[in-house]
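Asker: what would the 3D arrangement of this be:
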Amino acid sequence: MLAGYFKESEHVLMPTIRTVRTMAAVLAAAVSMLGFCSFGPLNPTALAAQGAEAAIVDSGYTRHYASLNAWDYQSEFVDITWLISTLARAGISAAVITDHDLEMGALESYKALVLPSTSCVSQLAAERIVEFAEAGGRVFATFDTSLHDDFWRVRPDYELTRIMGVRHSSMKEVDTNAMSPSAKSHPIFRGLDSPIPVPRQRGLANRVNPDALVLAKWPDGRLAMTETRYGIYCSENLFSAENAAVPEAAALIANTIGYLVNVKHGAGFNLGQLKTKAAWYTPPTDRDRIAHDLQRLSAAGFNTVFVSAYSHGRALYPSQTVAQDPAFSAVDGFDPLQAALEEGKQAGLSVHAWVDAFDAGQAASDGTLPPLLLEHPDWAAMARDDRTPAAAAASQGGRCFLSPAHPEVQEFIMDVVRELVTSYALDGVHLDSVCYPEGKDAPYDFNPRVLELAAADLGFAPRSIGLNIARWNGWFDWRCRNLDAFVGGLVSMIREVSPGTLISASVYPYPDSVLLRMQDWSKWTAPGWLDFVVPLTDTRSADLVDTLVRAAQDFAGVNTPVVAGISAASIPAKSVAPTLANLVDAARAAGAYGVSVYDSRPLSDNALSALLDGPFRAPSE
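Answerer: Below is the predicted model:
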C-alpha cells in the first residue's frame with residue numbers, strides 16, 4: 001500500500017526527496033572531511049583499513065526497498081562484517097561505502113567494487129560505476145543489481161547491463177542447489193570441486209550479452225556467472241546468509257574479488273575467443289579461384305575449412321571408389337581436393353575433407369533418380385508407404401537418400417572415407433548427413449533389405465507393427481543402435497589408418513536429432529569418438545543460437561568441444577553482415593569452442609569484415 005502511494009505521488013514527492021538526498025550527500029561529505037563517521041547505517045571508517053583495495057556497497061536505497069517488501073536485508077543481502085573478515089583472511093583489504101559515495105564518484109582509490117545484490121542503484125551512481133570500470137576498476141555484482149532505481153521503480157533492464165554482461169529475462173521456480181563451472185580452469189574456481197553448492201536460489205533468469213563470457217551455469221540451464229571486460233556477475237545472491245555459510249560459496253566470493261583486485265584490475269580481456277573458426281567450402285573448377293577464396297577466408301580470421309570431397313553420391317576428387325562429379329572430371333588432371341589442401345596450407349588453414357555421407361542428391365524434374373541410385377536402386381532409403389526408389393524420391397520433393405542401415409551402403413561410405421584418409425594428407429574428416437532422412441509421418445527406413453535384417457534381429461516385421469508401442473520402440477532402437485555401430489566402426493577405421501586425423505560430425509539439435517533422424521549423437525561423444533561436434537543451428541535468431549549451443553554442450557559432455565554450425569545461406573543479402581556477426585557472437589558468448597559458417601563462397605566482403613572486426617577479432621591480452 002505504501003509502495004503504491006509512492007508511485008501515485010512520485011510527481012509531488014520526487015523534487016523534495018531529491019533535495020533531501022542531495023543535502024544528505026553534502027552533509028555526509030562534510031562530516032567525513034571533519035573526521036567523523038560517514039553518513040549511513042554503518043560506520044565505514046571504523047570498518048575499513050587505510051588504502052583499501054575493494055569497496056563494498058552497503059546500499060540504503062536497497063535497504064529501504066527490502067523493508068517495503070518485508071525482506072531481512074542483513075540475511076538476504078550481505079553481512080558486511082563477515083565479508084570484510086573473509087576478505088581479510090584472503091589478504092584483501094576492503095572498505096564499506098554508501099549510495100552517496102557512489103553518486104559522488106568516490107571510487108578512484110579502489111581496484112574493485114562489490115555490489116552484493118544492490119537492487120536499487122540511482123542513475124547518477126550507475127554513471128559513476130561505468131566511469132570507474134572504464135578507467136580500469138573492476139566490478140563484482142550479484143542477483144538483480146541495478147534492476148530498480150533509487151525510487152524503487154523496476155527498470156526494463158539492468159542499468160548496469162554492460163558491466164554485468166546480461167539482460168534481464170524473468171524469475172522462475174527452481175529446484176537446484178549448485179552451479180557447474182563451464183570454464184573450470186578459471187582462477188575464480190581455484191580449489192573448488194564441481195558442482196559448487198549454492199543452497200539459497202531465487203530463480204533469476206538472464207540472457208547473456210554478446211560481449212560476455214559464460215563462466216558457470218545452473219543445472220536447469222540458466223547462466224550462473226559471466227565475465228565481461230569490466231568484471232564478474234553472478235545471477236544468484238552468493239552473499240545471502242544461507243549461501244555465505246557454505247565454505248565453497250565463501251571461497252568463490254573470496255576468489256572472485258581476489259581475481260578482480262590482483263589480476264583483472266586495469267587489464268584487458270579476452271572475450272571468450274573462438275578456437276575453431278571454420279567454413280564449409282565447395283571448391284570451383286579453377287585452381288586460381290580456390291587460392292583466392294582460401295586466402296580471403298584466412299584474411300577474415302578463419303582457420304579451418306571443410307572442403308567438399310564427396311557430395312550427392314559423387315566424388316569431387318579423382319576417385320577409384322566412386323564416380324567423379326562430371327563438372328570436375330571434365331577438367332583434365334585437375335584435383336580440387338589436392339588443390340584446396342595445397343592452397344589451404346599456403347593460407348595457414350586446417351583442411352578437412354567434408355563427406356556428405358547418406359545424401360544421394362536430387363532427382364531430375366522428370367523423376368529420374370540421381371546417378372548413384374540409378375546404379376544401385378536397392379540402396380535407397382524408403383518411407384513406410386514407399387514401394388520403389390522413385391516413390392521415395394517423390395515423397396521427399398525429389399531429394400534422395402541412401403539407406404543408413406543397408407550393409408552395402410555402410411561398406412561403400414567406409415570405402416570412400418578410407419580412400420580419402422589414405423590418399424590425402426588431411427588435417428581432418430568432417431562427416432555430414434550421418435542420419436536417417438526426416439519422415440513426414442513415420443521415421444525412415446523401410447528399405448527391403450533393412451526390413452529383412454531388422455525382422456531377423458527383432459523377431460517381428462516392422463511393417464506389421466501397427467499400434468504396438470513396444471514394437472515401435474524396439475524398431476526405433478534398432479535403427480539408432482545400427483547407426484551408432486556404423487559411426488563407431490568408421491571412426492575406428494580412421495584412427496587406425498590415419499592416426500592424428502581430426503574427426504568431426506554435423507549433427508541436428510536434440511530432441512529432433514533422435515526422434516526424427518535416429519541420430520543419438522551423445523552416444524558418439526560419450527566414448528570420445530569425435531574430436532568436436534558441429535550442431536546445426538539453422539536460424540537467424542541470436543537467442544535461439546544461444547539456446548541451441550548451450551543444449552548441445554550439455555549433450556556433448558565436458559570432453560567434446562561444440563563448434564556451432566551457423567547458416568548464412570538463409571539470411572537476406574542486405575543484412576548478412578550484421579546478422580551473421582551477431583549469430584557468431586551469440587555462439588561465442590554461449591561458450592561454443594568455435595563456429596562453422598555455411599556457405600563461405602558467397603559471403604560478401606562486408607560480411608567477412610564484420611566477422612573480423614567482431615567475433616573473430618584478435619585477443620586483447
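Asker: look up phi and psi at the residue lying closest to residue 390 once chain neighbours are set aside.
Answerer: Spatial nearest neighbour of residue 390, excluding adjacent residues (C-beta to C-beta, 6 or more residues apart in numbering): residue 367 at 5.6 Å. (Each C-beta comes from the backbone N, C-alpha and C, glycine too.) Recorded main-chain torsions at residue 367 are phi 90, psi 0, according to degrees, to the nearest 10.
Asker: number of nearby residues for residue 367?
Answerer: Look at residue 367: counted by other C-beta atoms under 10 Å, it has 11 neighbours.
Asker: wait, it sits on residue 391?
Answerer: No: taking C-beta atoms under 8 Å as the definition, residue 367 is not a contact partner of residue 391, at 9.5 Å.
Asker: hang on, residue 221 packs against residue 552?
Answerer: No: at 11.8 Å, residue 221 and residue 552 do not qualify as touching, with contact defined as C-beta under 8 Å.
Asker: the two - which one has more neighbours?
Answerer: residue 552 (29 against 13).
Asker: so what's the more buried one up against?
Answerer: 507, 509-510, 533, 535, 562, 564 (C-beta atoms under 8 Å, 6 or more residues apart in numbering).
Asker: hang on, it in a helix?
Answerer: Yes: counting by DSSP: H, G, I helix; E, B strand; the rest coil, residue 552 is located in a helix.
Asker: first-to-last residue distance for stretch 166-178?
Answerer: 20 Å (C-alpha to C-alpha, to the nearest Å).
Asker: just stretch 426-438 next, same as before
Answerer: By C-alpha to C-alpha, the extent of stretch 426-438 from end to end equals 31 Å.
Asker: so which bits of that stretch are buried?
Answerer: Judged by neighbour count (16 or more other C-beta atoms under 10 Å), stretch 426-438 contains these buried residues: 426-437.
Asker: before we move on, what about stretch 499-509?
Answerer: For stretch 499-509, by 16+ other C-beta under 10 Å, it's 501-509.
Asker: quick one on the thing from earlier: for the buried residues of stretch 426-438, which one is nearest residue 450?
Answerer: Taking C-beta to C-beta as the measure, residue 450 sits nearest to residue 436 out of these, at 10.3 Å.
Asker: hmm, residue 520 and that closest one touching each other?
Answerer: No: with contact defined as C-beta under 8 Å, residue 436 does not reach residue 520; the gap is 11.3 Å.
Asker: any shared contact partners between the two?
Answerer: residue 483.
Asker: break this protein down into its structural domains.
Answerer: According to automatic domain parsing, the chain comprises the domains 42-264, 276-363+404-441+484-613.
Asker: how long is the last one from one end to the other?
Answerer: The first and final residues of domain 276-363+404-441+484-613 sit 17 Å from each other (C-alpha to C-alpha).
Asker: repeat for stretch 267-280
Answerer: 36 Å.
Asker: likewise stretch 70-81?
Answerer: End residues of stretch 70-81 are separated by 22 Å (C-alpha to C-alpha).
Asker: give me the number of residues near the nearest residue to residue 346 once chain neighbours are set aside?
Answerer: Of all residues not flanking residue 346 in the chain, residue 291 sits nearest, at 7.4 Å (C-beta to C-beta, 6+ apart). Residue 291 is flanked by 17 other residues according to other C-beta under 10 Å.
Asker: give me the element residue 291 is part of.
Answerer: Using DSSP states H and E, residue 291 sits within helix 287-299.
Asker: average pLDDT for that helix?
Answerer: Averaging pLDDT along helix 287-299 gives 96.
Asker: on that earlier part again, which of the buried residues of stretch 426-438 lies closest to residue 597?
Answerer: In terms of C-beta to C-beta, no member of these lies closer to residue 597 than residue 430, at 13.4 Å.
Asker: and the residue nearest to residue 527 when sequence neighbours are not counted, what helix or strand is that in?
Answerer: Distance criterion C-beta to C-beta, 6+ apart; nearest residue to residue 527, sequence neighbours excluded, is residue 488 at 7.6 Å. In this assignment (DSSP H and E), residue 488 forms part of helix 469-497.
Asker: who are the packing partners of that helix?
Answerer: Here helix 469-497 touches helix 407-423, strand 428-432, helix 448-458, strand 502-507, helix 522-525, going by 3 or more C-beta pairs under 8 Å, 6 or more residues apart in numbering; DSSP states H and E.
Asker: would you list the ones you listed in CSV and tack on mean pLDDT and distance to residue 358?
Answerer: Formatted as CSV, the helices and strands packed on helix 469-497 follow (pLDDT from 0 to 100; distance: least, C-beta to C-beta, whole Å):
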stretch, mean pLDDT, distance to residue 358
helix 407-423, 98, 7
strand 428-432, 98, 9
helix 448-458, 96, 13
strand 502-507, 98, 12
helix 522-525, 96, 15
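Asker: with respect to residue 354, which of the ones you listed lies nearest?
Answerer: Among the helices and strands packed on helix 469-497, strand 428-432 sits nearest to residue 354 (C-beta to C-beta), with 4.7 Å.
Asker: from the chain's centre, how far out does that closest one sit?
Answerer: 21 Å (C-alpha atoms, centre = their mean, to the nearest Å).
Asker: give me the contact list for that strand.
Answerer: Here strand 428-432 has contacts from 304, 306, 350-357, 359, 417, 420-421, 487, 490, 494, 501-506, 531, 534, using C-beta under 8 Å, 6+ apart.
Asker: and what of stretch 444-456?
Answerer: Counting by C-beta under 8 Å, 6+ apart, 378-384, 386, 401, 403-408, 436-438, 461-463, 475, 478-479 sit against stretch 444-456.
Asker: and if you look at stretch 78-95?
Answerer: For stretch 78-95, using C-beta under 8 Å, 6+ apart, the contacting residues are 42, 44, 47-49, 51-56, 58, 96, 110, 114, 116-117, 239-241, 244, 250, 253-254, 257-258, 261.
Asker: ChimeraX command to pick out the buried ones of the residues you listed?
Answerer: Remark: buried members of the contacts of stretch 78-95, expressed as a ChimeraX selection using 16+ other C-beta under 10 Å:
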select :42,44,47,48,52,53,54,55,56,58,96,110,114,116,117,239,240,241,244,250,253,254,257,258,261
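Asker: can you give me the helices for the stretch 301-450 of the chain?
Answerer: Ranges of helices in the stretch 301-450 of the chain, per DSSP state H, counting those that start in this stretch, are 326-329, 336-346, 371-375, 389-395, 407-423, 448-458.
Asker: C-alpha coordinates for the third one, PDB please?
Answerer: If I follow you right, that is helix 371-375. C-alpha atoms of helix 371-375 as PDB (Å, rounded to 0.1, in the frame of the first residue of the first chain):
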ATOM      1  CA  PRO A 371      23.400 -41.300 -60.700                       C
ATOM      2  CA  LEU A 372      24.300 -43.400 -57.600                       C
ATOM      3  CA  LEU A 373      20.800 -44.700 -57.200                       C
ATOM      4  CA  LEU A 374      20.500 -45.400 -60.900                       C
ATOM      5  CA  GLU A 375      23.500 -47.700 -60.300                       C
END
